[in-house]
Each structure stands twice: as C-alpha cells, then as structure tokens.
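Enquirer: A predicted structure for the sequence below; I have some questions about it.
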Amino acid sequence: TGVVPFVALLLLQRRPVAGRALLLSGSGCPSHGLCRSNVQEQTRRQVAVLNATAQELFSLYLKCQGEPFSSESDKLCNPAGIFFPAFRVNRTSERKEVMVAMYKLFAFLNASLGNITRDQEELNPMAKELLERLHNTTKTTRGLISNLTCLLCKNYNIFQVDVRYGDSSKGKSAFKKKQQGCQVLRKYVQVIGQAARVLLPHLSPS
C-alpha cells in the first residue's frame, strides 16, 4: 500500500501496477484544472467506444495467440480463476457508488492492459494490428480514468480510492502469459457491457 497525492493519480496510470492495493489520497481535491467542460459527454463516449470494441479486441487477441487458444478458448480463457474487481452496482445504485465502482474497474483494466501489451510486444512483436488495438484501448481507458477522477472529485469530493490490481505476468511462461491475457480480456468483454448499461444512464444530460 502506498500513499500518494491525489494530483499524482493520473501519472500513476501511466505505469502498469500489479498485485497490490494502492491507496490514493491527499489533503483534498483541486478546485479546478482536472475537468473539461464536456467531461460528462466525453466519459459517455469513452465507455461506448470501449464497449463497442471489446469483443473485436478479444477475438483478435485469440487469433494472434495461435493454437490451442484459437480452438479451446472456452476452456483456456475461462476467467473463473483470476482476480477481477467485483462489479455489484446496477442502474438503481447511487450515482456516487457507480462512479467509484467504475474507477476501480478501469484502473484495474489499465494496469492489466499494460501487462498484456508488454507481453504481446515480447511474444508477438509482428502483430501490428493487435498491438495498435491494445494501445488504443489503453489510451481510451486512461482518458476515462482521468474523467472519472474529475467527476469523483468535483461532484463528491472523493480523493481516496482503494484499488486492487491483478497478478503481474512477469516471470511466467509464454503459455501462462497468453492465458492470463485471454482470461482478463474474456472477463473484460463480459463486464464492459454491464458497465456501459449501468453507467450511461447516470451520465445522461440533466
């Protein structure tokens, strides 16, 4: 567990962190500067983009891993054995609760994408389309984290979020790295649709 100033939060998203809880805290929220005028609409678009592209990313990932992942994805990519943030909010949940759950989800995803991208750069350096999609998804996720940070701070003065990250794949075999990536992406496909359905009504223009 580490304690860092809230204003450094966005910088932390630029480096993959795995296997430990990170406590983000500070003396209070910056009064201005983190938010853009269209932050709510931008957040809606980012969630919609991630939801629309998740299945394509997963399918391309499987294709690039080759056998046995292409033919045995249901077995090898079953995410039951991995950690993934619990997502227990729904459309009737309080908006504040939804925003916190979203932050935990996408902070976890950002770190996981960092691990997956690093592994694929090592294992499949010629898979240009996959690497480009991973980088684009990471870029969108980081932008979404920035906007969720703004909304939590601006609307609820929340500057402390406890985030748990998944296990790092460093030191694992090539097969295990591929499997961990496909487990995370399979779970991501399952959760992002639910997240979009829950979050988007909370971001509807008032």
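Expert: In hand now; what should we look at? Numbers count the residues shown, from 1 in each chain.
Enquirer: quick one: the strands in this structure?
Expert: Taking DSSP state E as the test, the strands found in the chain are 3-4, 21-24, 161-164.
Enquirer: let me know the pLDDT of residue 108.
Expert: Looking at residue 108, its pLDDT stands at 95.
Enquirer: quick one, what contacts it?
Expert: Residue 108 sits next to 84, 85, 163, 164, 165, 166 when contact means CB atoms under 8 Å, 6 or more residues apart in numbering. Glycine gets a C-beta too; all of them are placed from N, C-alpha and C.
Enquirer: among the residues you listed, list the two that are farthest apart in space.
Expert: 84 and 163 (12.6 Å; CB to CB).
Enquirer: how about the spatially most central residue of the chain, nearest residue that isn't a chain neighbour?
Expert: The centroid of the chain falls nearest to residue 109 when counting by CA atoms, centre = their mean (2.3 Å). Spatially, and ignoring its direct neighbours in sequence, residue 109 is nearest to residue 141 (5.7 Å; CB to CB, 6 or more residues apart in numbering).
Enquirer: ok, the one you found touching residue 112?
Expert: No - counting by CB atoms under 8 Å, residue 112 is not a contact partner of residue 141; they are 9.6 Å apart.
Enquirer: any chance you could map the helices in this protein?
Expert: Taking DSSP state H, the helices of the chain run over residues 9-12, 39-65, 73-76, 95-123, 128-156, 174-202.
Enquirer: which one of those is the most hemmed in?
Expert: helix 95-123 (a mean of 21; mean count of other CB atoms under 10 Å).
Enquirer: ok, back up a step: dump the helices of the chain to CSV, plus distance to residue 89.
Expert: As requested, the helices of the chain are arranged in CSV below (distance: least, CB to CB, whole Å):
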stretch, distance to residue 89
helix 9-12, 21
helix 39-65, 14
helix 73-76, 28
helix 95-123, 5
helix 128-156, 13
helix 174-202, 6
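Enquirer: show me where this structure dips below the pLDDT cut-off.
Expert: 1-34, 205-206 (pLDDT under 70).
Enquirer: who are the contact partners of residue 101?
Expert: Per CB under 8 Å, 6+ apart, neighbours of residue 101: 85, 87, 88, 89, 93.
Enquirer: revised request: answer the last question for residue 84.
Expert: With CB under 8 Å, 6+ apart, residue 84 has these contacts: 108, 166, 184, 187, 191.
Enquirer: chain neighbours aside, what residue packs nearest to the third one?
Expert: Yep, that's residue 184 we're talking about. residue 112 (4.9 Å).
Enquirer: so that neighbour sits against residue 182, correct?
Expert: No - Residue 112 sits out of contact with residue 182 when judged by CB under 8 Å, with a separation of 11.7 Å.
Enquirer: what number of residues lie near residue 158?
Expert: Using other CB atoms under 10 Å, residue 158 is surrounded by 18 other residues.
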